[in-house]
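Visitor: Sequence plus predicted model, see below.
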Amino acid sequence: MSDGANQSLEFYCGSSPPRAADILKIIYLLRNVPATNRRATIMWVSGVSSVVATTSCVGMWIPLASMITDLTTAAYFAIAFYKFQEMMIEEFDGDEAFLIHFENTPITFSTGPCCCCCPCLPTAKTSRRLMFILKLGTFQFAFLQPVLMIFTLVLWVNGTFIPDDFSPSGPALWINISLGVSTVSALWPLSIVFYKVKRELKNQKIMPKFLLFKISFILNQLQALIINATASAGGIACAPPFSPAARGAYMNQQLLIMEMFLITLLSQIYYRRKYNVQKTDEMQPAVKAQNGRNHVNGTITEGESSHV
């Protein structure tokens, strides 16, 4: 193992600050966020960079396990997509409060990555049916990605799956096409919800959170694709005992460790805040007005009965 590789490994795996930052972040969320679905979603989303860095570190120590670590990272990212959308909704105290807050307000569909160049698309009013469809768009990715990853792992162990074989007769082409369609189908509803709530959640720093999440996803996917293509084209020379493809994967893991470490530090800034229910209520005048009308009529809503 080269000196540069040893230094990178010692930077993340052998030193205490990154691991201490992850532990402190979990302790902070456990102490400051009530034991609700909001806390679970925040922990899932904020842990993306830590999971990617940890799996990359394991892949550097055990090169033969690179396929397994890559599949683990992909499966975690798929679930994090659904959790990020759920986190934005949970900032309004759940689906019911979200629907009340955006009642009769239009939702724009001309967002990336599918329809960013189609401003003429019609809008639709916020409704339960529309929210179900948007959630289904991210849930299918959270479900299909782990299933396809397990299927890929089984084929790889059996010797049938060859990552560099993109012939029509091989499974790699069709699995990657399915993953690409599923990813785009999940990015679209996630962006729709984000552009709907980004003004209301400005104080919750939803913009930098979404930006960090997208940067993590792009680095994890696009960077590996570029390095693998460069290695296949002969741009990366072999260095025994590593082949060009193995050396390219090794370089990608080194870069991911450094990049995810920086994103982990930035996540500490944007996810460390006081999660106070009263602040959420102040952000929801429509919900408070609806609750006030219910009290005048002498009734109690389902959300209030849970607090009682």
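Guide: Received the coordinates, thanks.

Visitor: contacting residues for Leu155?
Guide: The contact partners of Leu155, by CB atoms under 8 Å, 6 or more residues apart in numbering, come to 161, 171. For glycine as for every other residue, the C-beta is placed from the backbone atoms N, C-alpha and C.

Visitor: would it count as being in a helix?
Guide: Yes - counting by DSSP: H, G, I helix; E, B strand; the rest coil, Leu155 is found in a helix.

Visitor: Just the pLDDT at it, thanks.
Guide: As predicted, Leu155 sits at a pLDDT of 86.

Visitor: Next: Asn294.
Guide: 45.

Visitor: Same question for Ile79.
Guide: So, for Ile79, pLDDT stands at 90.

Visitor: same deal with Phe143?
Guide: Looking at Phe143, the pLDDT reads 91.

Visitor: With the one 5 residues further on instead?
Guide: The pLDDT attached to Leu148 in the predicted structure is 88.

Visitor: wait, it sits on Leu179?
Guide: Yes - if you go by CB atoms under 8 Å, Leu148 and Leu179 touch, sitting 6.2 Å apart.

Visitor: separation between Ala224 and Phe81?
Guide: 18 Å (CB to CB, to the nearest Å).

Visitor: which of those two has more neighbours?
Guide: Set side by side, Ala224 and Phe81 show more neighbours around Phe81, with 25 against 18, by other CB atoms under 10 Å.

Visitor: Now the more buried one: which helix or strand?
Guide: Here Phe81 sits within helix 66-90, counting by DSSP states H and E.

Visitor: ditto for Lys202
Guide: Applying DSSP H and E, one finds Lys202 in no helix or strand.

Visitor: Return the distance of it relative to Phe102.
Guide: Going from Lys202 to Phe102 by CB to CB gives 16 Å.

Visitor: now swap in Ile68 and tell me
Guide: Taking CB to CB, one finds Ile68 at 42 Å from Phe102.

Visitor: rewinding a little: between Lys202 and Phe102, who's got more neighbours?
Guide: Comparing Lys202 with Phe102 by other CB under 10 Å, the one with more neighbours is Phe102, at 19 against 11.

Visitor: secondary structure element for Ile227?
Guide: Secondary structure (DSSP H and E) places Ile227 in helix 224-232.

Visitor: neighbouring contacts of that helix?
Guide: By CB under 8 Å, 6+ apart, helix 224-232 touches 70, 164, 236, 244-245, 247-249, 251-252.

Visitor: if we go to 6 Å?
Guide: Residues outside helix 224-232 that contact it (CB atoms under 6 Å, 6 or more residues apart in numbering) are 236, 244-245, 248, 252.

Visitor: Which parts of this protein are helices?
Guide: For the chain, the helices defined by DSSP state H occupy 3-9, 17-32, 37-46, 48-61, 66-90, 95-101, 128-158, 171-197, 206-218, 224-232, 244-271, 277-282, 285-296, 302-307.

Visitor: what about the ones you listed, which gets the closest to Gly112?
Guide: helix 171-197 (5.6 Å; CB to CB).

Visitor: May I see the buried residues of that closest one?
Guide: 171-172, 175, 179, 182-183, 185-197 (16 or more other CB atoms under 10 Å).

Visitor: Run through the chain and note the low-pLDDT ranges.
Guide: Scanning the chain for pLDDT under 70 picks out 1-36, 114-119, 239, 273-308.

Visitor: Kindly recompute the last result at 80.
Guide: 1-40, 63-64, 104, 110-123, 161-167, 169-170, 228-229, 231-246, 271-308 (pLDDT under 80).

Visitor: Reformat the contacts of helix 224-232 as TSV; add neighbour count and distance to Met131.
Guide: Below are the contacts of helix 224-232 laid out as TSV (neighbours: other CB atoms under 10 Å; distance: CB to CB, whole Å):
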residue	neighbour count	distance to Met131
Ile236	20	46
Pro244	18	47
Ala245	17	44
Gly248	21	42
Asn252	23	37
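
Visitor: Tell me the one among those residues nearest to Val58.
Guide: The closest of the contacts of helix 224-232, once distances to Val58 are taken by CB to CB, is Asn252, at 13.7 Å.

Visitor: mind listing what the closest one touches?
Guide: Applying CB under 6 Å, 6+ apart, the residues near Asn252 are 224, 227.

Visitor: swap the cut-off to 10 Å and go again
Guide: By CB atoms under 10 Å, 6 or more residues apart in numbering, the contact list for Asn252 reads 56, 59, 66, 70, 219-220, 223-228, 231.

Visitor: Any figure for the gap between it and Lys205?
Guide: 29 Å.

Visitor: ditto for Ala142
Guide: Here Ala142 is placed at a distance of 24 Å from Lys205 (CB to CB).

Visitor: okay, those two: which has more neighbours?
Guide: Ala142 (19 against 15).
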